[in-house]
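J.: Quick one, structure for this:
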Amino acid sequence: MFRRMQAFAKRGYLAVSIDVRYHGSRQITKLDYQEALIQAWKDGKTRPFLLDTVYDLIRLLDHLEGRPDVDASRIGMTGISLGGMLTWLTAVCDERIAVTVPMIGVQNFEWAIHNNKWHDRVATISAVFNEAASSMGRPSVDSQ
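T.: Purely as a prediction, here's the structure:
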């Protein structure tokens, strides 16, 4: 990420990057993210997968907008994978983002299920899917 930010800065942009909640420096243990997702599944009080970080990004926009070296009418946002999804969602929630360039920002889960390609996605957060299957009375994770 640092090299990308340097490339933007060399072109005259102010570049900012944050760690998504439960990732990078905001991750205490390897299971923090999955534990947060499981807790959200159980109680429905938080949205650690996407919306909590969108909130953080909106707060970042507040900060940038107040800086004298930022033209608030020209704020753009980009991201790859989860960052791409966050780019879409933040832009929908906050009109201060003038341009978005999400990369690999969506996934067609229906296609993955119909083509039996869902296993890799499940493996990335297996504890969450196992908890969901268990709470739904299923013996294991399946395409349902």
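J.: When you work out contacts or count neighbours from here on, use the C-alpha atoms and nothing else.
T.: OK.
J.: Now for L89: which residues touch it?
T.: Shown in contact with L89 (C-alpha atoms under 8 Å, 6 or more residues apart in numbering): V54.
J.: Sticking with T78, tell me its helix or strand.
T.: Following DSSP states H and E, one finds T78 within strand 75-80.
J.: So which residues make contact with that strand?
T.: Here strand 75-80 makes contact (C-alpha under 8 Å, 6+ apart) with 84-87, 96-105.
J.: Kindly reformat these as TSV containing distance to S17.
T.: Output for those, formatted as TSV (distance: C-alpha to C-alpha, whole Å):
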residue	distance to S17
G84	13
M85	15
L86	12
T87	12
R96	17
I97	15
A98	17
V99	16
T100	15
V101	15
P102	14
M103	15
I104	18
G105	17
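J.: out of the residues you listed, which are inside helices?
T.: If you go by DSSP state H, the contacts of strand 75-80 have G84, M85, L86, T87 in helices.
J.: The last one reaches V101, doesn't it?
T.: Yes: with contact taken as C-alpha atoms under 8 Å, T87 and V101 are classed as touching, separated by 7.5 Å.
J.: what about those two, which has more around it?
T.: Each of T87 and V101 has its neighbours counted (other C-alpha atoms under 10 Å); T87 has more, 25 against 14.
J.: could you check the distance from the more buried one over to T100?
T.: Applying C-alpha to C-alpha, to the nearest Å, the value for T87 to T100 is 7 Å.
J.: where are the low-confidence patches of the protein?
T.: Of all residues in the chain, those with pLDDT under 70 make up the ranges 49.
J.: one more time with 90
T.: Within the chain, the segments meeting pLDDT under 90 span 1-2, 4-5, 20-52, 81-82, 104-114, 116-129, 132, 142-144.
J.: can you pull out the strands in the protein?
T.: Counting by DSSP state E, one finds strands in the chain at the ranges 75-80, 97-103.
J.: center of this protein - which residue?
T.: Residue closest to the average C-alpha location in the chain (C-alpha atoms, centre = their mean): L82, at 4.0 Å.
J.: give me every residue that touches the residue lying closest to that one once chain neighbours are set aside.
T.: Nearest non-adjacent residue to L82, counting by C-alpha to C-alpha, 6 or more residues apart in numbering: G105, 6.5 Å away. With contacts defined as C-alpha under 8 Å, 6+ apart, G105 is in contact with G79, I80, S81, L82, G83, G84, M85, L86, T87, W88.
J.: Sounds good, over and out.
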